[in-house]
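S.K.: Output the structure for:
(one chain, ligands or ions: 3)
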Amino acid sequence: MRGVIMGTERSTVDGVIRTSARGHSVLNSPRLNRGTAFTRRERRELGLVGLVPPQVLTQDQQAARAYAQFRSQPDDLAKNVYLTALRDRNEVLFHRLLGDHLAEMLPIVYTPTVGTAIERYSYEYRRPRGVYLSVDDPDAIESSLRASGLGADDVDLIVATDGEAILGIGDWGVGGIDIAVGKLAVYTAAAGVDPARTLAVMLDVGTDRQDLLDDPLYLGNRHPRVDRDRYDAFIDAYVTAATKLFPDALLHWEDFGSSNARRVLDRYREKTLTFNDDIQGTGAVNLAAVLSGVRAGGAALRDHRVVLFGAGTAGVGIAEQLRDAMIADGLTSREAAGRIWAVDRHGLLTDGQQGLRDFQMPFARRRAEVADWRHDEDLGGVPLAEVVDRVRPSVLIGTSGQGGAFTEDIVRSMAAHTDRPVILPLSNPTRLAEAVPADLLAWTGGRALIATGSPFAPVETDGVTHHIGQANNALVFPGLGLGTAVARAGRITDGMLVAAARAIADQTDATAPGAPILPPIDRLRDTSVAVAVAVARAAVADGVAREPVDDTVEERVRAAMWLPEYPPIEAV
Ligand SMILES: NC(=O)C1=CN([C@@H]2O[C@H](COP(=O)(O)OP(=O)(O)OC[C@H]3O[C@@H](n4cnc5c(N)ncnc54)[C@H](O)[C@@H]3O)[C@@H](O)[C@H]2O)C=CC1
Ligand SMILES: CC(=O)C(=O)O
Ligand SMILES: [Mg+2]
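M.R.: Ligands and ions are numbered 1, 2, ... in the order given. Sure thing, here's the model as predicted:
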């Protein structure tokens, strides 16, 4: 725990924090501070007598007061700001509160409210969190990472973003750091990743959002995003420095623009311990939702037809994992790809289509195949409605960031040909969901099996309460990170992702009326344990584990989980 404050160590043997800090230095460190919960002895030894009010509270009392303060905030953004401030004051208490009220608070620290916090970043800014690396100062990358105070053995995980494709809301420049910070909160809440052993990194390469460039309060680099050569050199310098300083850390990439996301992952995935959440995490959670939905519907995965709307980072990541799962289910690679129809901003992906991107090509249909389908001149291709009419899909997935794109006509057309349509409007935040569950259930007579990217309340139809699963990569990445750490895996393999997906699907039984197709958020910790166990085993099977895994793996996973308790603290 060197990153906390000079002169502070947390023993790996007895868990005791030993610190030479005194007085305000202790209170101002969110990792050392426990405010009114410092005991009388601790107050005396740490020079705190007179600096905090006399009463000593338990953590339970502190948590009750903080929860009341949270509840009294006027709106969700204010709640987000409140929790951020709490995290900056007393990190253990923040995680205690989040863990106790996960279903209520996750939408505040994560999607959807984190999207608003990112849009408002330069206005709501109070204090920095994480490391801000600038493309204009590449020589400072290493020293900035060192300035975190963390040493080679101190970091398990770094979440980095360049802020270009935040959720579905686009380029928000430096404000994007809040998605990295939000993901880290989820890692800890869901899988007990020790927050002291993580870092959020903003890779500031500029922004193309003119409003931000014109805004005098904007806090990031005030220039357009740099060209590809400078970009790649900067990313390379970051990876080189991060892997040199923190050789065991998992490098997590979040919310990059689609071509950069793919290129960066492809460049480093074989060389280092790295993972793109939007491609791989989303692919895995979606696979879990489809496996669970398909199981409830009764037909084998290989017999399904999938229409995917929005073939960007997440969409193509999903298509790849579905294709691979269908291959595992007995189809050839060609047959499997043939069961997926991907639609993007110019309609169905077809070969030779203008603007088709490299990573989309494996999912482009032959033009001849759709020659007599209705084309929309303005769109420049076959629209979603026509694709659904022709294909009669049993699975419809949205990763387009286009709120309301799954219209009543489209959904009714789909539902006319399948008993249990699996419909996954995955776009975030909430207003960008391709459809809302209440409509989907109304249009399908309650038959749709639904999961959404952002949380939705249960829906009542014909006396059945339908619980809506949240198909968010939050079901995947925390357990993936934990399992990777327990097995000391050197790489993230496709096998580890499939194992995560299967473990999630096994956590729920969607056959009961109204049951969700994914495990609920309030069981996120158990889900993450199941994912971590499956991931650790898969790491061994794939030959990337440096730690053996045996029957005790679940115990080891649970033992590795950090808990939001105040550890013993001693003045030295
Ligand atoms: N539930 C989850 O776990 C996740 C959800 N997402 C959501 O998926 C959405 C997309 O995210 P990314 O793939 O990272 O972004 P992206 O920008 O890489 O992909 C979006 C794709 O949608 C396409 N598109 C835009 N307008 C369209 C239109 N009118 N019709 C059809 N396609 C259109 C774009 O051309 C692009 O290919 C976001 O809303 C994001 O929040 C992303 C990752 C995880
Ligand atoms: C959940 C997530 O990673 C996204 O919407 O980008
Ligand atoms: Mg994301």
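S.K.: list the contacts for whatever residue of the stretch 51-200 of the chain ends up closest to ligand 2?
M.R.: Using Cβ to the nearest ligand atom, the closest approach of the stretch 51-200 of the chain to ligand 2 is made by residue 167 at 4.1 Å. Backbone N, C-alpha and C define where each C-beta goes, glycine included. Residue 167 makes contacts with 111-112, 114-115, 179, 255, 401, 428-429, 432, as judged by Cβ atoms under 8 Å, 6 or more residues apart in numbering.
S.K.: for the helix or strand containing residue 117, which positions count as buried?
M.R.: If you go by DSSP states H and E, residue 117 is part of helix 113-119. Neighbour-count burial for helix 113-119 flags 113-119 (criterion: 16 or more other Cβ atoms under 10 Å).
S.K.: out of the residues you listed, which one sits closest to ligand 1?
M.R.: Closest to ligand 1, out of all of the buried residues of helix 113-119 and judged by Cβ to the nearest ligand atom, is residue 115, at 8.4 Å.
S.K.: The closest one touches residue 169, doesn't it?
M.R.: Yes - the criterion here is Cβ atoms under 8 Å, and residue 115 meets it with residue 169 at 5.3 Å.
S.K.: ok, back up a step: how about the backbone phi and psi for the residue lying closest to the residue of the stretch 51-200 of the chain closest to ligand 2 once chain neighbours are set aside?
M.R.: With sequence-adjacent residues excluded and distances taken as Cβ to Cβ, 6 or more residues apart in numbering, residue 167 is closest to residue 428, at 4.3 Å. The phi/psi pair for residue 428 (degrees, to the nearest 10) reads phi -120, psi 160.
S.K.: For residue 428, the count of nearby residues, please.
M.R.: 24 (other Cβ atoms under 10 Å).
S.K.: cool, residue 73 as well?
M.R.: Applying other Cβ under 10 Å, we find 15 other residues in the vicinity of residue 73.
S.K.: helix, strand or coil for the closest residue to it other than its chain neighbours?
M.R.: Spatial nearest neighbour of residue 73, excluding adjacent residues (Cβ to Cβ, 6+ apart): residue 79 at 4.5 Å. State at residue 79, reduced to three classes by DSSP: H, G, I helix; E, B strand; the rest coil: helix.
S.K.: Find me the pLDDT at residue 3, would you?
M.R.: We have a pLDDT of 45 for residue 3.
S.K.: Residue 102 contacts residue 189, correct?
M.R.: Yes - counting by Cβ under 8 Å, residue 189 is a contact partner of residue 102 at 5.9 Å.
S.K.: okay, the two: which has more neighbours?
M.R.: Neighbour tally, residue 102 and residue 189, criterion other Cβ under 10 Å: the higher count belongs to residue 189, 29 against 19.
S.K.: any idea how far residue 564 is from the more buried one?
M.R.: For residue 189, the distance to residue 564 equals 9 Å [Cβ to Cβ, to the nearest Å].
S.K.: Mind listing the shared neighbours of the two?
M.R.: 95, 99.
S.K.: Now do the helices in the stretch 151-300 of the chain.
M.R.: 177-191, 210-214, 228-245, 258-268, 282-297 (DSSP state H, counting those that start in this stretch).
S.K.: Give me the nearest residue to residue 494, chain neighbours excluded.
M.R.: The nearest residue in space to residue 494 (Cβ to Cβ, 6+ apart) is residue 324, at 6.7 Å.
S.K.: burial count for the one you found?
M.R.: Around residue 324 there are 18 residues (other Cβ under 10 Å).
S.K.: Residue numbering should commence at 33 henceforth.
M.R.: Got it, first residue is 33 now, which makes that one residue 356.
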